[in-house]
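Colleague: Here is a sequence with its predicted model. Questions after.
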Amino acid sequence: MKNINSRKEIEKRNLTFFKEILNINLDEYFEKMKRAGKPKKYAHGKWSEQNPTAGRCGSIIGALRISNKIPEGYIPCGQKEAGGGSHFYMINPRSKEVIDPTVYQMTEEYNYENYHTRFLPQLSSNVSDILDVFNLSIDTEIYETKKDSRGVTLVCKK
């Protein structure tokens, strides 16, 4: 039986996603990820210009979610990893097909299962970096921003 979420299959879906949703090709995507730079507090010793998606899964999925760039039929999600940490991607809950814009950081096949759809409301500097580099903005038809008592920007559904 064919693995619908093998890296090869995900990379094919990613190319379609980059072209149809972000209007860029794979090389342009990697250039933008390089411009976004190393994520703050993540990917220690892993992020490099040769591996520009390392540690960026949460920020890219977060930016795509609040800019309403998740393809029809897919939902943004994440899952906890056995060694601690999390990984974020998009999944079609019916077909179980995955789009993973940061699959390129992986050295082995990834087991996409037991996902959650919980996202923190804080607009992190890592998500802001991705919004800027990809020229995306918060979809104000769906989300509103407000400051909490600490002055942290929150992005919440209306």
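Modeller: Received the coordinates, thanks. Residues are numbered from 1 along each chain as shown.
Colleague: Surely residue 32 forms part of a helix?
Modeller: Yes: looking at residue 32 with DSSP: H, G, I helix; E, B strand; the rest coil, it is inside a helix.
Colleague: tell me the SS of the residue most central in space within the chain?
Modeller: Central residue check for the chain by CA atoms, centre = their mean: the C-alpha nearest the mean position is that of residue 61, 2.4 Å away. Classification of residue 61 into helix, strand or coil gives helix, according to three-state DSSP.
Colleague: what residues are up against the closest residue to it other than its chain neighbours?
Modeller: Once flanking residues are discounted, residue 61 sits nearest to residue 88: 4.0 Å by CB to CB, 6 or more residues apart in numbering. Any C-beta I mention is one placed from the backbone N, CA and C, and that applies to glycine too. Taking CB atoms under 8 Å, 6 or more residues apart in numbering as the criterion, residue 88 is in contact with 57, 58, 60, 61, 62, 76, 77, 78, 102.
Colleague: What separation do you get for the fifth one and residue 25?
Modeller: Read that as residue 62. Shown here: residue 62 relative to residue 25, a distance of 23 Å by CB to CB, to the nearest Å.
Colleague: just so I have it, where are all the helices in the protein?
Modeller: Chain-ordered helices for the chain, with DSSP state H as the definition, fall at 7-20, 26-36, 57-66, 125-133.
Colleague: Please spell out which residues along the first one are buried.
Modeller: By neighbour count with 16 or more other CB atoms under 10 Å, helix 7-20 contains the buried residues 7, 10, 13, 14, 17, 18.
Colleague: Might one say that the third one is in contact with residue 97?
Modeller: Pointing back at residue 13 there. Yes: at 6.6 Å, residue 13 counts as touching residue 97 under the criterion of CB atoms under 8 Å.
Colleague: hang on, residue 21 packs against residue 69?
Modeller: Yes: in this structure, residue 21 is within contact of residue 69 by CB under 8 Å, at 5.4 Å.
Colleague: rewinding a little: okay, the contacts of residue 88 in CSV with pLDDT next?
Modeller: What follows is those, written out as CSV (pLDDT from 0 to 100):
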residue, pLDDT
57, 95
58, 95
60, 97
61, 98
62, 97
76, 98
77, 97
78, 96
102, 97
